[in-house]
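[1] Pasting the sequence and the predicted model now:
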Amino acid sequence: MSRTVRVLFSSALLGAALPLAAQRPATRLADQRHPFGTLREQAAREQHWLETRMKTVLPALMRSHGIDMWIVPMREYAEDPVFSSLVSPTTFAARRRTIYVLFDKCAASGRTDPGDGSCVERVALGGSSQGGVWQAMRSTLAVQAPVGGQQAELWGDEQWKLLKRVVDERNPRVIGIDYSRTFAFSDGLTHGEYLGMTEALGDRWTARLKPAEELPLKFIASRVADEDAFYGQLMQLAWEFVGEMYSSKAIVPGKTRTSDLVWWWRQRANDLGLGTWFQPSIEVQRAGVSEDSLGADPVIQRGDVLHCDVGITALGLNTDTQHMAYVLKVGEKEAPAGLRQAFANGNALQDIVLAEVRPGRMGNEILAASLAQMKARGINGTVYSHPIGLHGHGAGPLIGLWDYQDGVPGRGDAKVIANMWYSIELQATTPVPEWKGQAVRMALEEDITIGTDGTPRWVHGQQKKLWLVK
């Protein structure tokens with residue numbers, strides 16, 4: 001690969017691609033060869049998202065956390081988790097050593113922010129301009145061999161010298177670095193890079209370093225308006241896939257195994273040029289039979305309850321969906337009433353959690369409030385919801401884990417913010433009379449967006465009844 005990659009994004013292409021991509025097509029997305037446009041059109045849209053986040057999201061975050069300068073150093077294949085939020089869609093890895101420096105000129109000088117993103121200077125040491133988003137600077141100083149027994153500089157140390165010069169010229173009061181014992185998304189500064197940076201900067205600047213725990217966490221989590229528009233389409237496609245999978249197109253009772261559906265999903269996504277961030281899973285519950293005795297890969301039979309956990313990835317964003325289905329017996333037109341009630345209990349728990357999610361609340365607060373209401377309603381369930389977006393298990397507060405129903409120390413203490421996304425993931429277990437009181441688990445997961453106004457909304461609605469496999 002070329003040492004320097006330069007990508008020119010045509011403004012005409014971007015202007016043409018965005019309005020078309022934002023429109024919901026009249027036909028099913030799953031029936032289109034390129035449901036989200038060509039790769040080039042997708043890249044133009046992602047570039048637009050990057051530019052928007054840099055101009056509208058980043059300055060306010062840096063200022064709210066009192067950080068004048070944010071330094072994010074990394075090496076190829078040891079990228080900081082925030083890397084994918086800082087770079088263009090055509091950049092897949094850091095180059096040699098890349099040091100991203102973001103400096104709030106207005107905050108440092110006391111100037112008023114005009115609100116156009118011009119306050120934050122964006123410098124990439126050792127990287128490219130990312131389509132004009134960054135000011136690229138590079139030192140290619142040749143390192144001399146040891147002379148007179150002196151130790152030669154380590155490869156790449158010339159970039160540290162350049163960083164020292166950049167910092168000297170800007171004189172920041174507070175320098176944020178990505179260090180955290182709680183959040184992986186905020187802990188991208190490796191020990192080796194920390195040692196190289198502090199040695200180069202010296203005591204004066206090292207004394208001004210500050211862990212910027214919430215800055216990368218919130219920057220990764222924050223979404224912009226056109227990402228919301230696209231996410232609606234992505235979730236529409238996920239629902240279309242689920243509808244196909246829970247049908248005679250993919251299931252032949254007495255013949256189809258759960259592993260067949262797992263690979264059906266992977267292949268279906270791949271055929272449209274999409275990916276998935278985890279291996280899908282399909283589970284079976286059957287009257288009179290324990291799940292353990294069904295084995296790891298059971299054949300699907302009439303009368304089974306099916307559960308899927310599936311996701312798709314496109315334009316760097318991820319979905320996470322869990323839907324339930326019932327395989328009709330011969331002569332049946334609907335699932336038994338007991339199964340429908342069990343599913344309704346799952347829906348009720350979803351509604352409870354959705355109503356509790358709002359900006360400013362900690363994940364542990366939301367969990368406690370949701371479980372209290374759940375118990376008051378007589379529902380037996382658990383809640384284990386998580387942020388989603390650029391990562392499947394995304395940046396932000398956890399709302400429980402399946403084995404942490406009393407709260408998640410640290411990771412559940414962060415607060416929900418506006419313009420982030422969540423997967424409302426949970427399960428409700430209900431005895432079913434038609435199954436002689438056997439408990440049936442309805443595990444559901446739907447993605448939501450939290451708007452600028454703080455209101456949580458289902459991205460593509462909510463599964464309101466069991467899918468029926470005829």
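    Happy to help now that I have it. Residues are numbered from 1 along each chain as shown.
[2] Check for me that residue 103 belongs to a strand.
    Yes - counting by DSSP: H, G, I helix; E, B strand; the rest coil, residue 103 falls inside a strand.
[3] who's it bridged to?
    With DSSP bridges as the criterion, residue 103 is bridged to residue 69, residue 121.
[4] ok, it - contacts?
    Going by CB atoms under 8 Å, 6 or more residues apart in numbering, residue 103 touches 68, 69, 70, 120, 121, 123, 170, 172. All C-beta atoms are positioned from the backbone trio N, CA, C, and that covers glycine.
[5] how would you label the last one: helix, strand or coil?
    When states are read from three-state DSSP, the local structure at residue 172 comes out as coil.
[6] In this structure it contacts residue 69, no?
    Yes - here residue 172 reaches residue 69: they are 3.7 Å apart, a contact under CB atoms under 8 Å.
[7] Just want to know which of those two has more residues nearby.
    residue 69 (29 against 20; other CB atoms under 10 Å).
[8] Quick check, the more buried one in contact with residue 175.
    Yes - taking CB under 8 Å as the definition, residue 69 is a contact partner of residue 175 at 4.8 Å.
[9] Residues that sit against both of these two, list them.
    residue 167.
[10] how many other residues sit next to residue 268?
    21.
[11] roughly how far apart are it and residue 100?
    37 Å (CB to CB, to the nearest Å).
[12] quick one: low-confidence parts of the stretch 51-200 of the chain?
    Within the stretch 51-200 of the chain, the segments meeting pLDDT under 70 span 140-156.
[13] which residues touch residue 160?
    Per CB under 8 Å, 6+ apart, neighbours of residue 160: 196, 197, 199, 200.
[14] The second one in helix, strand or coil?
    It stands for residue 197. Assignment for residue 197 (three-state DSSP): helix.
[15] Which segments of this protein make up each domain?
    Here the domain parsing of the chain from automatic domain parsing is 17-219, 223-469.
[16] So the spatially closest residue to residue 260 that is not a sequence neighbour: helix, strand or coil?
    Nearest residue to residue 260, sequence neighbours excluded (CB to CB, 6 or more residues apart in numbering): residue 250, at 7.5 Å. Taken by three-state DSSP, the conformation at residue 250 corresponds to coil.
[17] is it true that residue 250 touches residue 258?
    No - with contact defined as CB under 8 Å, residue 250 does not count as touching residue 258 (11.2 Å).
[18] neighbour count winner among the two?
    Comparing residue 250 with residue 258 by other CB under 10 Å, the one with more neighbours is residue 258, at 22 against 17.
[19] which phi and psi does that one have?
    Main-chain torsions, residue 258, degrees, to the nearest 10: phi -60, psi -40.
[20] ok, it to residue 210 distance?
    50 Å.
[21] thinking again about what came up before, pull the most distant pair out of the contacts of residue 103.
    68 and 123 (13.6 Å; CB to CB).
[22] between the two, which one's more packed in?
    The neighbour count for residue 68 versus residue 123, taken as other CB under 10 Å, is higher for residue 68 (23 against 20).
[23] for the residue nearest to that one when sequence neighbours are not counted, phi and psi?
    Once flanking residues are discounted, residue 68 sits nearest to residue 172: 4.0 Å by CB to CB, 6+ apart. Backbone torsions of residue 172, given as degrees, to the nearest 10, read phi -70, psi 150.
[24] Could you do residue 265 as well?
    phi -60, psi -50.
[25] Would you mind measuring from the nearest residue to it once chain neighbours are set aside to residue 35?
    Nearest in space to residue 265, with sequence neighbours left out and distances taken as CB to CB, 6+ apart, is residue 280 at 4.5 Å. Distance, residue 280 to residue 35, by CB to CB: 19 Å.
[26] ok, now residue 178?
    35 Å.
[27] and if you look at residue 444?
    Taking CB to CB, one finds residue 444 at 25 Å from residue 35.
[28] Residue 411 too?
    Residue 411 is 34 Å from residue 35, where distance means CB to CB.
[29] still on that earlier bit, which of residue 178 and residue 35 has more neighbours?
    Legend: neighbour count by other CB under 10 Å for residue 178 and residue 35, higher for residue 178 (27 against 20).
[30] Was I right to think the more buried one contacts residue 190?
    No - at 9.6 Å, residue 178 does not count as touching residue 190 under the criterion of CB under 8 Å.
[31] What's the local residue count around residue 276?
    Residue 276: 19 neighbours (other CB under 10 Å).
[32] Run through the residues that contact it.
    265, 266, 269, 310, 311, 312, 313.
[33] Tell me the one of these nearest residue 137?
    residue 313 (32.8 Å).
[34] Apart from its neighbours in sequence, what residue is nearest that closest one?
    residue 275 (4.1 Å).
[35] Pop out the phi and psi values for that neighbour.
    Backbone torsions for residue 275, taken as degrees, to the nearest 10, come to phi -120, psi -180.
[36] Tell me which stretches of the stretch 101-250 of the chain form strands.
    120-125, 135-137, 175-177, 209-211 (DSSP state E, counting those that start in this stretch).
[37] in the second one, what's buried?
    Counting neighbours by 16 or more other CB atoms under 10 Å, one finds that the buried residues in strand 135-137 are 136, 137.
[38] helices and strands around it, which ones?
    Identification of packing neighbours for strand 135-137 by 3 or more CB pairs under 8 Å, 6 or more residues apart in numbering; DSSP states H and E yields strand 120-125.
[39] what's the strand it packs on in contact with?
    54, 58-59, 62, 98-105, 130, 133-139, 159, 162-163, 166, 170.
[40] List the buried residues for that strand?
    Of the residues in strand 120-125, 120, 121, 122, 123, 124, 125 count as buried by neighbour count, 16+ other CB under 10 Å.
[41] Just send the residues you listed back as TSV, with distance to residue 292 too.
    TSV is the format used below for the buried residues of strand 120-125 (distance: CB to CB, whole Å):
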residue	distance to residue 292
120	56
121	59
122	55
123	57
124	54
125	56
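[42] Specify which member of the residues you listed is nearest to residue 75.
    Checking these against residue 75 with CB to CB, the nearest one is residue 125 at 12.4 Å.
[43] Look up how far residue 240 lies from that closest one.
    45 Å.
[44] Secondary structure class of residue 261, three-state.
    helix.
[45] and it, what does it touch?
    Counted by CB under 8 Å, 6+ apart, residue 261 has contacts 245, 250, 251, 280, 282, 308.
[46] For burial, what's the neighbour tally of the fifth one?
    Residues near residue 282, counting by other CB under 10 Å, number 25.
[47] pretty sure it is in contact with residue 306, am I right?
    Yes - between residue 282 and residue 306 there is a contact at 6.5 Å, judged by CB under 8 Å.
[48] Residue 395 reaches residue 218, doesn't it?
    Yes - Residue 395 is within contact range of residue 218, at 7.5 Å (criterion: CB under 8 Å).
[49] Looking at these two now, which is surrounded by more residues?
    Using other CB under 10 Å as the criterion, residue 395 and residue 218 rank with residue 395 on top: 28 against 24.
[50] How about the secondary structure of that one?
    Assignment for residue 395 (three-state DSSP): coil.
[51] List the contacts of it.
    Each residue near residue 395 by CB under 8 Å, 6+ apart is listed here: 183, 185, 216, 217, 218, 220, 221, 387, 389.
[52] For those residues, could you give me CSV that also reports distance to residue 112?
    Compiled in CSV, the contacts of residue 395 are given as follows (distance: CB to CB, whole Å):
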residue, distance to residue 112
183, 32
185, 31
216, 26
217, 27
218, 23
220, 28
221, 27
387, 33
389, 31
